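Undergrad: my questions concern the predicted model and sequence given below.
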Amino acid sequence: MTRQLMCRAGFLAALLLSALCAGGQTVAAAPARALHVEGKWVRDAAGNPVTLRGVALADLDAIYKGDRSQAVHTTVFDIIDKGCAEGWNVDVFRLTVHPEVNDETGSHGWLHDAPDDYFARILDPAVRYVISRGKYVIIDWHYVGANWRIPDVAANTESFWLGKGAWKGIAATYANNPNVLFELFNEPGAGSWVEWKVAAQRWIDGIRSRGASNLVIVGGPVWSQVMPQRATDLINGANIVYACHIYPEHARWGMPRWIEYVSGVAPVIMTEWGFEKDGPEPVNGTASSFGKKYRAYIDARPNVGWVAWCFDTVYRSVMFDTHWVLLGNGQSTRDSRFSGGPDDTPDNYMGQFVKTWLAEAAGKSTGKSP
């Protein structure tokens, strides 16, 4: 079957889910419980604390175009299915929406299409499919190290979330959908938290003005490394979760303490982390030099969730070879990996490490607060 026909078949399958929708709101076939924030915890509708753990997908436009199909063609639906089966125990999928990027597999992104077109062909079918599997989904507006003060960056961000013209925006489209979380701005560039908070607060207020009480995930400046350090730093309003990104480059001399304050007063989700031996910075590291220490640090903070980067064959830190063979358990050869790399061992690649951590954490995602 051609790639176009496969994508069309997957899209039509996703369209069947739209029969369950009314007023632009998705009604899941297997809905997750609605989430809200109380103090430093995310809780479900029954009041149980929830710590989300999962994986991030590559850029949705790249997947749609087939740019991940070096050996075995995969649609976004195939990738989501993989994360819902094979013992993965994924709670949440992070769907990456690059505004615009020219990366290892070409040029792609949200800005390459009219918003309604990208939404209908690429984003909404993926969101609906995650929901149909009874999982949570993070819609990740994936600027990388971008200066949020630049007028075009600010305007693109505002349009994505709040709409412009006929496009009504992500916030209004998925308002109060219990499965959907919003990640405001993946990695703001250089700057202070005080500066960033002004812009973030404005966009969050806009999201709330669209009637959306969904959890909003807020990173910080310097590639989501600068976090709130005092009460006056916190974003105003309900249902705010903070995001931080820590990779091996940041932990050469010990685990950074960036989330120490904020994780004591608010929920945190590490929406990116990973390692790959001899990979590019910041991911260059191993399970022994980084992964095990990172896990111990996060496991000691039960209100801190995480999303591993990246559930993909190309984006690094990579978890699969080009045949979608899981890395980290000795089954892949150098020639079958997009970027070559060292021997496939549990220490060198994060795939099996992530799968094991998810399996061992399964059943611990909800429970009584300590």
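TA: Done, it's in. As the structure is a prediction and not an experimental result, all values here were calculated from the model.
Undergrad: what's the spacing between Arg252 and Ser289?
TA: Per CB to CB, to the nearest Å, Arg252 is found 9 Å from Ser289. For every residue, glycine as well, the C-beta is placed using N, CA and C.
Undergrad: got it, and Ala190?
TA: 27 Å.
Undergrad: burial of Ile240, as a residue count?
TA: Other residues near Ile240 come to 18 when the count uses other CB atoms under 10 Å.
Undergrad: ok, Arg334 next?
TA: Around Arg334 there are 12 other residues, counting by other CB under 10 Å.
Undergrad: circling back: who has more neighbours out of Ala190 and Ser289?
TA: Neighbour totals were compared for Ala190 and Ser289, and Ser289 leads with 16 against 11 (other CB under 10 Å).
Undergrad: now the residue nearest to the more buried one when sequence neighbours are not counted: phi and psi?
TA: Distance criterion CB to CB, 6 or more residues apart in numbering; nearest residue to Ser289, sequence neighbours excluded, is Pro248 at 6.6 Å. For Pro248, the backbone dihedrals (degrees, to the nearest 10) come out as phi -50, psi -40.
Undergrad: with Ile240 instead?
TA: According to degrees, to the nearest 10, Ile240 has phi -110, psi 130.
Undergrad: bridged to it, which residues?
TA: Beta-bridge partners for Ile240, by DSSP bridges, are Val216.
Undergrad: helix/strand/coil for Ile131?
TA: Three-state call for Ile131 (DSSP: H, G, I helix; E, B strand; the rest coil): helix.
Undergrad: my bad, Tyr242
TA: What three-state DSSP gives for Tyr242 is strand.
Undergrad: can you list the weak-confidence ranges in the stretch 51-200 of the chain?
TA: Across the stretch 51-200 of the chain, residues meeting the criterion (pLDDT under 70) sit at 68-70.
Undergrad: ok, the stretch 201-350 of the chain next?
TA: For the stretch 201-350 of the chain, no range has pLDDT under 70.
Undergrad: all strands of it, in order?
TA: Using DSSP state E, counting those that start in this stretch, the strands of the stretch 201-350 of the chain run over 216-218, 240-245, 268-272, 304-308.
Undergrad: among these, which is nearest Pro282?
TA: Nearest of the strands of the stretch 201-350 of the chain to Pro282, taken as CB to CB: strand 240-245 at 8.5 Å.
Undergrad: now that closest one against strand 268-272, angle please.
TA: If you take axes from the mean of the first three to the mean of the last three CA atoms, to 10 degrees, strand 240-245 sits at 40 degrees to strand 268-272.
Undergrad: strand 240-245: which residues count as buried?
TA: Buried positions in strand 240-245, judged by neighbour count with 16 or more other CB atoms under 10 Å: Ile240, Val241, Tyr242, Ala243, Cys244, His245.
Undergrad: distance between it and the chain's centre?
TA: Distance, stretch centre to chain centre, for strand 240-245: 11 Å (CA atoms, centre = their mean, to the nearest Å).
Undergrad: orientation of that strand relative to strand 304-308 in degrees?
TA: 50 degrees.
Undergrad: tell me, what residue is most central in the chain?
TA: Arg94 (2.8 Å; CA atoms, centre = their mean).
Undergrad: which strand or helix spans that one?
TA: If you go by DSSP states H and E, Arg94 is part of strand 92-97.
Undergrad: for the helix or strand that that strand is followed by, give me every contacting residue.
TA: Going down the chain from strand 92-97, the next helix or strand is strand 101-103, by DSSP H and E. For strand 101-103, contacts defined as CB atoms under 8 Å, 6 or more residues apart in numbering pick out Asp59, Ala62, Ser107, His108, Gly109, Val144, Tyr315.
Undergrad: strand 101-103: partners in the sheet, and parallel or antiparallel?
TA: Strand 101-103 sits in its sheet next to strand 106-108 (antiparallel), going by DSSP bridges.
Undergrad: what's the helix or strand just after the partner strand packed up against?
TA: Sequence order places helix 115-118 as the next helix or strand after strand 106-108, per DSSP H and E. Contact partners of helix 115-118 among helices and strands, from 3 or more CB pairs under 8 Å, 6 or more residues apart in numbering; DSSP states H and E: none.
Undergrad: and helix 115-118, what's buried?
TA: Buried, per 16+ other CB under 10 Å, within helix 115-118: Pro115, Tyr118.
Undergrad: the closest residue in space to Trp324 that isn't next to it in sequence: what's it in contact with?
TA: Of all residues not flanking Trp324 in the chain, Val72 sits nearest, at 5.6 Å (CB to CB, 6+ apart). By CB under 8 Å, 6+ apart, the contact list for Val72 reads Thr322, His323, Trp324.
Undergrad: give me the residues contacting the helix or strand harbouring Ala154.
TA: Using DSSP H and E, Ala154 falls within helix 151-162. For helix 151-162, contacts defined as CB under 8 Å, 6+ apart pick out 97, 99, 110-111, 115, 141, 143, 146-148, 164, 167, 169-172, 182, 184-185, 199, 203, 206-207, 210.
Undergrad: between strand 92-97 and that helix, find me the angle.
TA: Using the same axes, to 10 degrees: helix 151-162 against strand 92-97 is 140 degrees.
Undergrad: so for helix 151-162, what gets flagged as buried?
TA: Applying 16+ other CB under 10 Å to helix 151-162 flags Val153, Ala154, Asn156, Thr157, Glu158, Ser159, Phe160, Trp161, Leu162 as buried.
Undergrad: as TSV, the residues you listed with distance to Gly87 would be great.
TA: Converted to TSV, these look like this (distance: CB to CB, whole Å):
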residue	distance to Gly87
Val153	40
Ala154	43
Asn156	39
Thr157	37
Glu158	41
Ser159	40
Phe160	35
Trp161	35
Leu162	40
